[in-house]
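> Everything below, folded, please.
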Amino acid sequence: MFGILLSALNAITAFVLQKVVMKFVIFAALLAVVAGFIPFVVQLLPTTTALSQAFAAIPNWIWYWLQPFKLSFGIPLVLSAYATRFIIRRIPVIG
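Just a heads-up that it's a prediction; the model follows:
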């Protein structure tokens with residue numbers, strides 16, 4: 001009976017050490033790399049003033065037709081979604 005319990009304990013311990021702990025270490029390292037890499041990438045991206053200047057250059061008669069579609073809200077939303085998708089696809093385990 002003791003041998004069965006010891007075998008079960010060894011199997012559980014092996015599972016925890018091989019699967020759970022190793023995945024935790026790998027994902028913690030990925031999190032540290034991504035958390036350190038994101039501020040560096042954000043500094044390289046253009047500022048929001050470029051997008052604001054582009055919207056300011058659109059004439060009023062075009063804004064009349066664009067306003068019902070809320071493009072002033074939608075375009076920055078879509079651009080940030082594309083940037084987030086690009087960053088997530090660079091993570092080796094997910095992308």
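
> mind listing what residue 73 touches?
If you count contacts by Cβ atoms under 8 Å, 6 or more residues apart in numbering, residue 73 has none. The way it works is simple: take the backbone N, C-alpha and C, and place the C-beta from them, glycine included.

> The protein: helices as residue ranges?
For the chain, the helices defined by DSSP state H occupy 2-15, 21-44, 48-56, 60-66, 71-89.

> Could you list every helix and strand in contact with the worst-scoring helix or strand of the chain on mean pLDDT?
The helix or strand of the chain with the poorest confidence is helix 48-56; it has a mean of 77 (mean pLDDT, DSSP states H and E). Here helix 48-56 touches helix 71-89, going by 3 or more Cβ pairs under 8 Å, 6 or more residues apart in numbering; DSSP states H and E.

> and the helix it packs on with helix 21-44, angle?
140 degrees (axes from the mean of the first three to the mean of the last three Cα atoms, to 10 degrees).

> what angle sits between helix 71-89 and helix 48-56?
Angle of helix 71-89 versus helix 48-56, following the same axes, to 10 degrees, is 140 degrees.

> List the buried residues of helix 71-89.
Neighbour-count burial for helix 71-89, with 16 or more other Cβ atoms under 10 Å as criterion, is recorded at residue 71.

> chain center to it: distance?
Chain-centre distance of helix 71-89: 11 Å, with Cα atoms, centre = their mean, to the nearest Å.
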